[in-house]
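Engineer: Pasting the sequence and the predicted model now:
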Amino acid sequence: MQPRRVRALARVLHRSHLLIALALGALLVGVTPWLGAADTVPGGHGPASRQAPVPFDRQTAKLSPHHGVAPANAVEPTAPVLDRTGWTATASDEETIGEDGRAANVLDGSTATIWHSRWTGTPTPLPHTITVDMHSTAVVSALIYQPRTDGANGRVGEYSISVSTDGKNWGSPVATGTLADDADAKSVGFSPQGARFVRLTAVTEAGNRGPWTSAAELNLLGDPGTPAATVDLPRTGWTATASDEETIGEDGRAANVLDGSADTIWHSKWSGTPAPPPHSITVDMHRTTPVSALVYQPRNDGPNGRAGAYTITTSTDGTTFGAPVSTGTWRDDDTVKTAVFTRTESARYVRLTVTGEAGNRGPWASAAEIRLSGPADPAAHGSWGRITGFPLVPVATAVLPGDKLLAWSAYAADRFGGSNGYTQTAILDLKTGKVTQRRIDNTGHDMFCPGIAMLADGRVLVTGGSNAEKASIYDPAADAWSATASMNIARGYQAMTLLSTGEAFVLGGSWSGSTGDKAGEVWSPDTRTWRKLPGVPATPALTADPAGAYRADNHMWLHAVSGGKVLQLGPSKQMNWITTGGRGSITSAGTRADSQDAMTGNAVAYDIGKLLTLGGSPAYEKTPATRRAYTVSIDGNRVTAARTGDMGHARAFGNSVVLPDGKVAVFGGQAYPVPFSDATSVLTPELWDPATGRFTPLATMAVPRNYHSVANLLPDGRIFSGGGGLCGDCATNHADGAVFTPPYLLDADGSPKPRPVITGQVPPRAAAGTSLTVDTAGPVASFVLMRAAAATHSTDNDQRRVPLESTPLTAGTYTVSIPADKGVVLPGTYMLFALDAHGVPSIARFITIS
């Protein structure tokens with residue numbers, strides 16, 4: 001969590017130690033919400049119809065002149081604050097002479113007392129650790145750190161968090177990162193898991209004021225219903241039985257929870273004399289397999305029978321059920337619920353026992369669907385690394401040479417608004433995992449909601465946003481920001497791409513500045529000025545969004561080709577060719593097959609002249625997303641679009657990344673897009689294979705990644721996925737990220753596969769149409785260039801994959817040819833990968849193509 005976001009959390013903690021609004025979000029594992037009004041059901045009526053909320057950006061600010069009101073489900077409690085009764089705390093060291101700085105003070109409920117590392121005499125040097133012992137095993141998903149309130153000394157800066165079931169075996173940290181140097185409470189999330197001990201290690205003091213560490217209070221959060229690194233188990237051959245079921249007044253058989261339809265339900269017996277609780281339903285998988293979580297989908301036609309208090313037990317023989325693997329109370333709403341087990345169980349039978357109806361409407365229980373999840377197979381589904389905390393919400397990111405990731409939010413770390421003239425930025429060192437923060441003032445530019453283009457010389461051009469006419473450039477070689485000429489047209493949510501000419505093109509962006517036709521313009525690296533393109537109006541590229549141009553010209557999908565031309569292939573269903581010479585022009589390129597408008601979807605170039613479009617929805621928000629994906633092929637001026645296989649989950653606000661082997665991974669998103677909400681989150685990433693046109697599931701994410709999230713290919717062939725939120729005092733700010741290791745890098749036991757190695761030197765620069773001599777440690781099958789890219793708002797027009805022709809010279813030495821067409825290999829910084837015959841990539845070398 002981000003500091004200011006936790007102010008809301010702190011207020012809830014002050015009022016109640018039962019529930020909080022956790023940033024890990026509402027827990028939909030890829031299931032579309034049931035939004036229609038409910039019919040009458042036994043014993044009562046369905047919920048009232050929902051009133052459409054005012055768009056966030058147009059709500060009246062309450063907390064500051066720059067910040068609106070997040071939707072209600074951005075502040076609803078989702079994960080419990082665990083009851084600290086009986087807990088104890090110990091520390092590596094504590095101050096007991098100069099003050100009462102005992103570790104136990106972090107559990108006394110008072111922010112006036114603190115734990116402080118030893119400072120009298122010779123202070124104990126960093127790092128310092130404090131360990132919480134819950135004295136029983138529970139699912140834990142986050143640690144809440146409340147700094148001291150009487151001064152700055154000892155605030156935690158860099159940190160790591162580890163968990164243990166026995167206090168002896170700790171394993172690798174589950175979270176690392178850097179906390180902001182302020183007094184706000186901070187929550188550090190990690191993959192939910194069963195643990196008894198949680199240890200916070202302070203590596204640095206936030207302000208470098210001395211070798212100290214302090215804390216006023218520590219709390220832990222329980223099960224958020226977001227199991228990490230799991231996959232749905234196939235239900236073929238499964239059966240279900242129940243303690244009781246309704247068969248007279250309706251078809252309420254237990255078997256209905258396995259039929260794949262949310263329109264049929266299991267219901268406890270209610271005709272005549274209703275069967276009293278508890279009610280249980282038992283799934284028999286007819287084979288023994290590891291199980292990690294249960295997914296419960298409530299009925300969609302009304303509230304009666306929604307499970308409230310529950311327990312889950314498992315068995316190998318159907319007779320002897322062990323101690324509960326999960327207990328809790330689900331909220332009284334229609335969202336899909338997930339119960340994460342305290343431990344993975346090898347079981348054949350899984351029993352859900354409902355001891356209380358969520359709304360106390362009667363003695364009933366019901367369920368539309370029940371699914372079970374098991375541990376992911378790394379070789380088939382990949383794996384997730386620890387969660388890395390940022391001192392801001394990474395709303396925009398760019399991959400840099402030197403194994404760095406640039407990130408930024410807005411004028412504030414956790415909110416946006418106004419035209420403040422500065423931006424909070426951070427850089428993640430991918431080698432060390434350290435995050436450094438810096439506020440950028442010298443450009444006079446609040447870079448929230450920008451357009452981004454990676455320039456020919458490797459610099460990053462950022463335009464518009466909150467300071468809508470401004471443009472700034474980041475130079476990774478100098479680690480410095482500078483201003484360039486302002487655009488002719490003020491913009492926000494605009495689209496950008498570099499051109500084959502080395503210029504940068506921008507179009508649309510009515511979120512900032514006056515709403516209207518945000519025609520195209522081009523920035524020249526030679527003159528550092530902008531040239532209007534009156535022949536390229538945005539109107540032909542608009543979607544039919546009911547909000548008009550304010551939303552209809554946002555986040556366009558642009559793909560640059562030869563001769564300074566651009567294909568605009570979405571999100572409007574109408575595609576267009578754009579020329580950028582002289583006045584410019586825009587002409588129809590046809591429609592994207594049978595696709596509708598797909599705002600907040602995205603497109604990615606997976607091969608030369610071949611793109612994949614994924615998801616989106618007809619309007620920016622509050623319209624159901626689609627599962628559909630399309631291929632778009634370019635052959636000269638001819639554009640051909642065709643529907644490929646559907647994703648397993650409908651998603652908008654997702655992010656897609658092309659891999660060196662040509663497959664495309666998609667992360668996050670919502671089935672029903674609502675900015676700043678984590679409801680209807682899709683936690684199952686998917687991998688598209690161009691050879692088959694099919695999507696397959698990947699290991700689930702621990703944290704929802706929706707509006708304002710990002711994803712980037714990294715130089716080691718893995719993927720960074722992070723961010724989401726930026727809504728101030730809300731619960732859906734995700735100031736963190738995690739690295740996903742795709743299955744092509746892993747063996748079945750999770751160990752790394754052997755991978756090719758590029759040896760020797762790769763020149764830092766090369767011209768299009770030239771050849772490279774590349775040495776490798778052994779034989780390789782192919783080489784590929786992956787353009788270093790930048791992402792924001794689900795859009796990354798910089799991505800492109802360029803397979804290269806290569807010829808072996810001697811054993812381990814190859815001549816690699818760079819295409820001469822700058823419309824194929826756009827000028828700029830690339831990652832050069834070598835791949836073996838199985839598609840396993842090497843660690844990349846950076847090279848700038850001019």
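Structural biologist: Received it, and whenever you're ready, just let me know what you need. Remember, it's a predicted structure, so these values are computed and weren't measured experimentally. Numbers count the residues shown, from 1 in each chain.
Engineer: Please make it C-alpha for all contacts and neighbour counts, starting now.
Structural biologist: Will do.
Engineer: Okay, strands next: where are they in the stretch 301-450 of the chain?
Structural biologist: Ranges of strands within the stretch 301-450 of the chain are 309-315, 326-329, 337-354, 366-367, 369-375, 383-389, 396-400, 404-408, 423-429, 435-440, based on DSSP state E, counting those that start in this stretch.
Engineer: Quick check: next helix or strand after the helix or strand bottoming out on mean pLDDT in the chain?
Structural biologist: Using mean pLDDT, DSSP states H and E, strand 19-20 stands out as the lowest-scoring helix or strand of the chain, at a mean of 32. Using DSSP states H and E, the helix or strand that follows strand 19-20 towards the C-terminus is strand 79-80.
Engineer: What's the local residue count around Ile281?
Structural biologist: Counted by other C-alpha atoms under 10 Å, the residues lying close to Ile281 total 27.
Engineer: what about it, which SS state?
Structural biologist: Of the three states, Ile281 takes strand under DSSP: H, G, I helix; E, B strand; the rest coil.
Engineer: So in terms of bridging, what pairs with it?
Structural biologist: Ala242, Leu352 (DSSP bridges).
Engineer: residue at max distance from the center of the protein?
Structural biologist: For the chain, the residue at maximal distance from the C-alpha centroid (C-alpha atoms, centre = their mean) is Gly272, at 48.9 Å.
Engineer: Turn the strands of the stretch 301-450 of the chain into CSV, including mean pLDDT and mean neighbour count.
Structural biologist: Output for the strands of the stretch 301-450 of the chain, formatted as CSV (pLDDT from 0 to 100; neighbours: other C-alpha atoms under 10 Å):
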stretch, mean pLDDT, mean neighbour count
strand 309-315, 98, 21
strand 326-329, 94, 18
strand 337-354, 95, 23
strand 366-367, 98, 27
strand 369-375, 95, 22
strand 383-389, 93, 24
strand 396-400, 98, 27
strand 404-408, 98, 23
strand 423-429, 96, 22
strand 435-440, 94, 18
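Engineer: looking at these, which is closest to Tyr814?
Structural biologist: Across the strands of the stretch 301-450 of the chain, Tyr814 has its closest neighbour in strand 396-400 (26.2 Å, C-alpha to C-alpha).
Engineer: Can you give the strand pairings for the closest one, parallel or anti for each?
Structural biologist: strand 404-408 (antiparallel), strand 790-792 (antiparallel).
Engineer: As a check, name the ranges of all strands in the stretch 501-650 of the chain.
Structural biologist: 504-507, 521-523, 530-532, 557-560, 566-570, 574-579, 585-591, 602-607, 610-614, 629-635, 638-643.
Engineer: Relative to Glu357, which of these is closest?
Structural biologist: For Glu357, the closest of the strands of the stretch 501-650 of the chain is strand 610-614, at 39.0 Å, according to C-alpha to C-alpha.
Engineer: just how off-centre is the closest one within its chain?
Structural biologist: Taking C-alpha atoms, centre = their mean, to the nearest Å, the mean C-alpha location of strand 610-614 is offset from the chain mean by 20 Å.
Engineer: So in that sheet, which strands flank that strand, and in what orientation?
Structural biologist: strand 602-607 (antiparallel), strand 629-635 (antiparallel).
Engineer: how about low-confidence regions in this structure?
Structural biologist: 1-78 (pLDDT under 70).
Engineer: Please, where are all the helices along it?
Structural biologist: 5-15, 378-381, 549-552 (DSSP state H).
Engineer: packing partners for the second one?
Structural biologist: To tie it back to what came earlier, the one meant is helix 378-381. Under the contact criterion of 3 or more C-alpha pairs under 8 Å, 6 or more residues apart in numbering; DSSP states H and E, helix 378-381 touches no helix or strand at all.
Engineer: Can you pull out the residues in contact with it?
Structural biologist: Outside of helix 378-381, the residues within contact range by C-alpha atoms under 8 Å, 6 or more residues apart in numbering are 697-699, 742-750.
Engineer: hmm, 10 Å instead?
Structural biologist: 229-231, 375, 384, 685-687, 696-700, 741-753 (C-alpha atoms under 10 Å, 6 or more residues apart in numbering).
Engineer: Any of the residues you listed buried? List them.
Structural biologist: For these, a burial check counting by 16 or more other C-alpha atoms under 10 Å picks out 229-231, 375, 384, 685-687, 697-700, 741-747, 750.
Engineer: that older thread, what's the closest of the strands of the stretch 301-450 of the chain to Leu558?
Structural biologist: Using C-alpha to C-alpha, the nearest of the strands of the stretch 301-450 of the chain to Leu558 is strand 396-400, at 17.4 Å.
Engineer: Just want the angle from that closest one to strand 423-429.
Structural biologist: Angle of strand 396-400 versus strand 423-429, following axes from the mean of the first three to the mean of the last three C-alpha atoms, to 10 degrees, is 40 degrees.
Engineer: With just CA atoms, put strand 396-400 into PDB.
Structural biologist: C-alpha atoms of strand 396-400 as PDB (Å, rounded to 0.1, in the frame of the first residue of the first chain):
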ATOM      1  CA  ALA A 396       3.900   4.500 -16.000                       C
ATOM      2  CA  THR A 397       7.100   2.500 -16.600                       C
ATOM      3  CA  ALA A 398       9.900   2.300 -19.100                       C
ATOM      4  CA  VAL A 399      12.600  -0.300 -19.400                       C
ATOM      5  CA  LEU A 400      16.100   1.200 -19.400                       C
END
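Engineer: Now do the contacts for the residue nearest the centre of the chain.
Structural biologist: With distances taken as C-alpha atoms, centre = their mean, Arg705 lies nearest the centre of the chain, 2.6 Å away. Each residue near Arg705 by C-alpha under 10 Å, 6+ apart is listed here: 24-25, 653-655, 667-670, 678, 681-683, 711, 721-725, 732-734, 737.
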